[in-house]
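K.L.:
make a model of this:
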Amino acid sequence: MAQLTLTAFLSLDGVMQAPGGREEDPSDGFDHGGWLVPFADEDMGRFMVEVFDRADAFLLGRRTYEIFAGYWPQVTDPDDPIASRLNTLPKHVVSRTLDRVDWHGSRLVEGDLVEAVTRLKEGPGREVQVHGSARLAQGLIAHGLLDRLNLLVFPVFLGSGRRLFPEGGTPTAFELTGHRTTGTGATIQTYRPTGPATFGTFGAGE
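P.N.:
Alright, predicted model coming up:
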């Protein structure tokens with residue numbers, strides 16, 4: 001069975017919207033696009049190559065798919081460790097508005113999301129990877145479908161924007177399974193969901 005993993009870029013206040021460019025995703029009036037760029041370095045690049053090297057397929061939301069499809073097919077170097085994976089491996093696209101996807105190896109996810117993702121996870125391979133795709137990621141978290149989260153947290157506060165963990169989500173506990181820090185001060189944290197969050201109260205003297 002394949003694991004379903006999420007890799008997300010977050011600000012200190014949990015925003016994951018439009019990390020890579022000014023016009024990447026200005027929806028809801030977001031005007032801080034490109035906030036990750038000043039912190040990108042070789043440490044981040046090495047980690048991302050490690051992530052993509054484990055991929056056997058991708059599960060993407062519409063906006064992330066369109067961003068990727070507009071850029072990565074133009075990177076034709078077969079030795080590029082990220083482009084070579086994205087351009088050749090299967091890409092499953094979740095969208096309510098697209099009626100076709102033209103990037104090589106892409107197909108629209110049809111029917112119930114939970115059932116479709118469960119079938120993907122039951123197939124062969126190491127990882128089906130989600131990158132970005134905030135609304136899709138929120139749905140996967142809400143249904144307990146993710147097996148691992150790679151969260152790259154950058155030292156910047158934005159104050160607005162779409163967050164990975166919105167208000168009203170189901171309280172969930174996680175186990176930290178990996179941690180490193182980049183040269184620009186970003187932390188890379190890998191978590192495994194362990195079930196519902198538990199709660200307690202400190203007694204006197206604790």
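K.L.:
based on its surroundings, how many neighbours for P90?
P.N.:
17 (other CB atoms under 10 Å). For glycine as for every other residue, the C-beta is placed from the backbone atoms N, C-alpha and C.
K.L.:
count the neighbours of the closest residue to it other than its chain neighbours for me.
P.N.:
Closest residue in space to P90, ignoring its immediate chain neighbours: A57 at 4.4 Å, by CB to CB, 6 or more residues apart in numbering. Counted by other CB under 10 Å, the residues lying close to A57 total 20.
K.L.:
how about Y71?
P.N.:
That count, for Y71 with other CB under 10 Å as the rule, works out to 13.
K.L.:
same thing with the one 3 residues further on?
P.N.:
Burial of Q74 is recorded as 8 neighbouring residues (other CB under 10 Å).
K.L.:
equivalent analysis for G61, please.
P.N.:
Applying other CB under 10 Å, we find 21 residues neighbouring G61.
K.L.:
for the residue nearest to it when sequence neighbours are not counted, give me its contacts.
P.N.:
Once flanking residues are discounted, G61 sits nearest to S133: 3.3 Å by CB to CB, 6+ apart. Residues near S133 by CB atoms under 8 Å, 6 or more residues apart in numbering: 59-61, 63-64, 94.
K.L.:
spatially nearest residue to A83, not counting backbone neighbours?
P.N.:
V75 (3.8 Å).
K.L.:
distance of that neighbour from P90?
P.N.:
Per CB to CB, to the nearest Å, V75 is found 18 Å from P90.
K.L.:
confirm T190 sits in a strand?
P.N.:
Yes - assignment of T190 by DSSP: H, G, I helix; E, B strand; the rest coil places it within a strand.
K.L.:
A204 versus that one, what's the distance?
P.N.:
Taking CB to CB, one finds T190 at 37 Å from A204.
K.L.:
so between those two, which is more surrounded?
P.N.:
Comparing T190 with A204 by other CB under 10 Å, the one with more neighbours is T190, at 19 against 4.
K.L.:
distance check, the closest residue to the more buried one other than its chain neighbours against R162.
P.N.:
Sequence neighbours aside, G178 is the residue nearest to T190 in space, at 3.6 Å (criterion: CB to CB, 6+ apart). Distance from G178 to R162, counting by CB to CB: 25 Å.
K.L.:
then G203?
P.N.:
Here the criterion is CB to CB. By it, G203 lies 40 Å from R162.
K.L.:
so these two - more neighbours on which side?
P.N.:
Taking other CB under 10 Å, G203 and R162 do not tie; R162 has more neighbours (17 against 6).
K.L.:
ok, the more buried one touching G14?
P.N.:
No - R162 is not in contact with G14 according to CB atoms under 8 Å; the separation is 9.4 Å.
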